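Q: Build the 3D model from these lines:
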Amino acid sequence: MFPTRRVLAHHPLIKFLGKRTWPSGPTPAKGHPAAPPEFQKAFSAVTSGSPASASKSGGGGALSEFWEAPRRFWHRELEESEIDAITSGGASLH
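A: Prediction:
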């Protein structure tokens, strides 16, 4: 339709080489290469001590429904005075 739009289309100057892929798993933690040797040894000792584990509940902390959360986090009913305060922008609080 408009040949000039096709010619003037923005083409980024940066070109990425190779196929972009995500790593399949987490990479192991390691210390900074410029860190002093005693810190690198301490870091490797700490990371090899005990592996990180998932939470014991097995849920991972995510809830699929609101009623699975503790009752204090449920939506509560708003009173008429609260609704009036919200709709008026707080201008008629008393």
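
Q: going forward, measure contacts and count neighbours with C-alpha atoms only.
A: OK.

Q: By residue count, what's the longest helix in this protein?
A: For the chain, the helix reaching the highest residue count under DSSP state H is reported as helix 37-49.

Q: Buried residues of that one, list them for me.
A: Of the residues in helix 37-49, Gln40 count as buried by neighbour count, 16 or more other CA atoms under 10 Å.

Q: Determine how far that helix lies from the middle of the whole chain.
A: Relative to the mean C-alpha coordinate of its chain, helix 37-49 is positioned 28 Å out (CA atoms, centre = their mean, to the nearest Å).

Q: next helix or strand past that helix?
A: For helix 37-49, the succeeding helix or strand toward the C-terminus, using DSSP states H and E, is helix 80-87.

Q: Tell me which residue is most central in the chain.
A: Nearest to the mean C-alpha position of the chain, by CA atoms, centre = their mean, lies Ala62 at 13.0 Å.

Q: Just want to check the distance between that one and Ala69.
A: Ala62 is 9 Å from Ala69, where distance means CA to CA, to the nearest Å.

Q: same question, Glu80
A: Between Glu80 and Ala69 the computed distance is 26 Å (CA to CA).

Q: higher neighbour count, the two?
A: More neighbours sit around Ala69 than around the other of Glu80 and Ala69, counting by other CA atoms under 10 Å; the figures are 13 against 9.

Q: now the end-to-end length of stretch 7-25.
A: The separation between the terminal residues of stretch 7-25, taken as CA to CA, is 42 Å.

Q: Any idea how far it is from the middle of the chain?
A: A distance of 24 Å separates the centroid of the chain from that of stretch 7-25, by CA atoms, centre = their mean.

Q: now stretch 34-49
A: Here the centre of mass of C-alpha atoms in stretch 34-49, compared against the chain's by CA atoms, centre = their mean, lies 28 Å away.

Q: One more: stretch 67-87?
A: Using CA atoms, centre = their mean, we find the averaged C-alpha position of stretch 67-87 to lie 27 Å away from the chain's own average C-alpha position.
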